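**Q** Got a predicted structure here, sequence first:
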Amino acid sequence: MSADTIRESLEELVQIHMDLLAISKDKTHIVKEGSIENLQKLLVKERKLLRLLEQAEKKRQQAVHDWCEMNRIQEEAATITNMLKHITLETERVQLEVAATKLTEMITNLKQQEQLNQVLISQSMQFVQLSLDLMSPTLTSMNYGVKNETEVMNRSVFDSKA
């Protein structure tokens, strides 16, 4: 087993992360629009991609496990840096390094986009809560209960005699 299998699994993960990033950007626009129906449809697509991501990650882990066994390296030491040290073919090494770098960049971009979405959703929730608070009456603005006695006491002498 060569490092090509690992590189291919990394490239598959990169592609899935690119798809997730596109969905995340769409999510941003949908949250700004406030379309719950479109958001629900998008979340279904996102869940499907997440299942694919889990499967691809299992493939990658298995490829790394197999490569470690073949090269007599402990799996705990199977970092990209250590693997690159053990790969003798320059082209394989460069391709694996490029794939790992792309994956890292995609994960970082996706994380930033999801943080933006989290902030937007949080602000939307705050707006909804503020709107609900403004629409619901407070105890002081309600016309029920005991009238304020100071209004009666502040009548002028003319009003009470008339």
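**A** That came through fine. Residues are numbered from 1 along each chain as shown.
**Q** Report the next helix or strand after the helix or strand where K48 lies in sequence order.
**A** Element membership for K48, per DSSP states H and E: helix 36-70. Going down the chain from helix 36-70, the next helix or strand is helix 80-86, by DSSP H and E.
**Q** quick one: average confidence on that following helix?
**A** Helix 80-86 comes out with an average pLDDT of 87.
**Q** Which strands or helices does the very next helix or strand once past it pack on?
**A** Using DSSP H and E, the helix or strand that follows helix 80-86 in sequence is helix 90-135. Applying 3 or more CB pairs under 8 Å, 6 or more residues apart in numbering; DSSP states H and E, one finds that helix 90-135 makes contact with helix 3-33, helix 80-86. C-beta coordinates here come from the backbone N, C-alpha and C atoms, glycine included.
**Q** Now do helix 90-135 and helix 3-33, the angle between them.
**A** Per axes from the mean of the first three to the mean of the last three CA atoms, to 10 degrees, the angle that helix 90-135 makes with helix 3-33 is 20 degrees.
**Q** What is the distance between helix 90-135 and the centre of its chain?
**A** Chain-centre distance of helix 90-135: 5 Å, with CA atoms, centre = their mean, to the nearest Å.
**Q** about what we covered before: and the helix holding K48 with helix 3-33, angle?
**A** Here helix 36-70 runs at an angle of 160 degrees relative to helix 3-33 (the same axes, to 10 degrees).
**Q** Helix 36-70 packs against which elements?
**A** With contacts defined as 3+ CB pairs under 8 Å, 6+ apart, the packing partners of helix 36-70 are helix 3-33.
**Q** I'd like the mean pLDDT over the helix it packs on, please.
**A** For helix 3-33, the per-residue pLDDT averages 94.
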